[in-house]
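Participant: Take this sequence and fold it.
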Amino acid sequence: MLVVELAFTPAPERLAARPAHRAVLGRLHAEGKLFAAGPWADDRGAMLVFAVERAELEEILAADPYYRSTPGVEVRAVREWAPVVGAASVNS
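Facilitator: The predicted structure is shown next:
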């Protein structure tokens with residue numbers, strides 16, 4: 001799994017772009033590519049957990065303008081995650 005960390009600023013463009021972005025997230029979740037996503041409680045960023053390989057994640061990020069060109073949105077980190085407890089746990 002891959003975790004994407006976003007940072008937000010209060011730019012009005014970010015809020016205007018959010019409904020279309022959330023529609024994309026809904027589709028990715030229905031396809032089994034997105035495990036979970038949501039903003040931090042203070043709305044200063046978000047975390048998204050993807051169940052895809054790195055190359056596919058790069059395609060997903062490139063295809064959604066929210067990540068590439070929306071003022072107030074910055075991809076801070078992409079990290080590989082290997083959960084050991086829970087529905088997404090990896091047996092090792």
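Participant: Now do N91, the pLDDT please.
Facilitator: On the pLDDT scale, N91 is placed at 52.
Participant: Distance of L2 relative to V75?
Facilitator: 12 Å (C-beta to C-beta, to the nearest Å). Every residue, glycine included, has its C-beta placed from N, CA and C.
Participant: between those two, which one's more packed in?
Facilitator: Remark: of L2 and V75, L2 carries more neighbours, 19 against 14, as counted by other C-beta atoms under 10 Å.
Participant: show me the contacts for the residue nearest to the more buried one when sequence neighbours are not counted.
Facilitator: Of all residues not flanking L2 in the chain, F50 sits nearest, at 4.7 Å (C-beta to C-beta, 6 or more residues apart in numbering). The neighbours of F50, taking C-beta atoms under 8 Å, 6 or more residues apart in numbering as the test, are 1-4, 28, 33-35, 57, 60.
Participant: count of neighbours near A20?
Facilitator: Residues near A20, counting by other C-beta under 10 Å: 13.
Participant: For it, which non-adjacent residue is closest in space?
Facilitator: Y66 (7.4 Å).
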